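> turn this into a structure:
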Amino acid sequence: MREEVQKRILLITGIVSTVVFCLTPFFYMVLTGLNRHPDFLRATKTLDLTLEHFHTIIFSPDVHFLAYMRNSILISAMTAAITVFIASLAAYALTRLELPLRRFIMVAVLAVSMFPPVSLVSYLFRFMSALGWINTYQALVLPYVSWTLPLSLWILVSYFEQVPRELDKAGIIDGASRLQILLKIIFPVAAPGIFSTALLAFIFAFNEFLFALMLTTDQAARTIPVGIALFQGLHGQIPWGEIMAAATVTTIPVVILTLIFQRRIIQGLTRGAVKE
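Predicted coordinates:
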């Protein structure tokens, strides 16, 4: 009995410590965005709460925060949709067709994803300039899809392998094509894995900084991470209140999505990794 109590105490202590460690930066960010003085932790300072910083980033015409948010959401959504569709086709082919180089293809895709983005950004800039795509959505969607495909493919392959092949045979007997089997049979069964893959691709594109910095020039296509990073240049000094307020508003959509669909995300990421 005493050993069980000790285990419970250690478990609760570990959980509380982890939660505090993870949430402390978030709460500090929120408090800084709500406070007139970013150095409110000093002994000579006190909390002076205000919504001025949030009002500035949302309604000020010079900040373009809403334009950055719109760009990030649209670009991330397009990236997630295209990535999941292409990865689903590839994962279905790799798990259902007798391909002699299946393992080699998987390893090659993983190897390509290991190239650091900074090593390719100059060539990508020249390529997008030649196409006339600088400061457009497609200039970001194309590299984002390329960079998220390997992870998406690996997740979906591991998940599709758990879907019984008898479902495919039943669909073929009923006269369905391979594409119809994928869309009408495999997709509903593999919905948790597909959704978790789409959400991960969305978060990756939403947080990406380097490509967005190099391939955009103004609010027409610039995304949130770059927009927040350039707040210093817009105001001539570091406006910590506005930066933290913008970071708070930016974080909220991703946090809400994760909290609402956390069960599907965990199920999608774990079920495909365990042989049943």
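
> how many other residues sit next to residue 254?
Neighbourhood size, residue 254 [other C-beta atoms under 10 Å]: 15. All C-beta spots, glycine's among them, are computed from the backbone N, C-alpha and C.

> mind telling me what element it is part of?
helix 240-260 (DSSP states H and E).

> mind listing the strands for this structure?
Applying DSSP state E to the chain gives no strands.

> give me the most central residue, it.
residue 203 (1.1 Å; C-alpha atoms, centre = their mean).

> ok, now which ones touch it?
Contacts for residue 203 (C-beta atoms under 8 Å, 6 or more residues apart in numbering) come out as 76, 254.

> any idea how far residue 167 lies from residue 187?
Residue 167 sits at a distance of 11 Å from residue 187 (criterion: C-beta to C-beta, to the nearest Å).

> apologies, that question was intended for residue 196.
14 Å.

> quick one, which of these two is more surrounded?
Applying other C-beta under 10 Å to residue 196 and residue 187 shows that residue 196 carries more neighbours, namely 25 against 14.

> does residue 224 touch residue 252 like I think?
No. Applying C-beta atoms under 8 Å, one finds residue 224 not in contact with residue 252, separated by 11.7 Å.

> between the two, who's got more neighbours?
residue 224 (25 against 11).

> the more buried one: what's it in contact with?
Neighbour list for residue 224: 68, 69, 71, 72, 206, 246, 250 [criterion: C-beta under 8 Å, 6+ apart].

> one more pass at 7 Å, please.
Applying C-beta atoms under 7 Å, 6 or more residues apart in numbering to residue 224 gives the contacts 68, 69, 72, 250.

> where is pLDDT lowest across these?
Taken together, those show their lowest pLDDT at residue 250, with 90.

> residues near that one, how many?
21.

> need the contact list for it.
residue 224.

> from residue 189, how far off is it?
When C-beta to C-beta is the yardstick, residue 250 and residue 189 sit 34 Å from each other.

> could you do residue 113 as well?
For residue 113 relative to residue 189 (C-beta to C-beta), the value is 27 Å.

> tell me where the model's unsure across the stretch 51-200 of the chain.
Regions of the stretch 51-200 of the chain meeting the criterion pLDDT under 70 are absent.

> excluding chain neighbours, what is closest to residue 77?
Spatial nearest neighbour of residue 77, excluding adjacent residues (C-beta to C-beta, 6 or more residues apart in numbering): residue 202 at 6.7 Å.

> tell me how far that neighbour lies from residue 243.
23 Å.

> for the two, indicate the residue with more neighbours.
Shown here are residue 202 and residue 243; by other C-beta under 10 Å, residue 202 has more neighbours (26 against 21).

> go ahead and confirm the more buried one touches residue 74.
No. If you go by C-beta atoms under 7 Å, residue 202 and residue 74 don't touch, sitting 11.1 Å apart.

> how about the residue nearest to residue 77, what does it touch?
Counting by C-beta under 7 Å, 6+ apart, residue 202 has contacts 76, 77, 80.

> what do you get for residue 152?
83, 84, 87, 197, 201.

> now do residue 113
Residue 113 neighbours (C-beta under 7 Å, 6+ apart): residue 150.

> and with 10 Å instead?
Applying C-beta atoms under 10 Å, 6 or more residues apart in numbering to residue 113 gives the contacts 146, 147, 148, 149, 150, 151, 153, 154.
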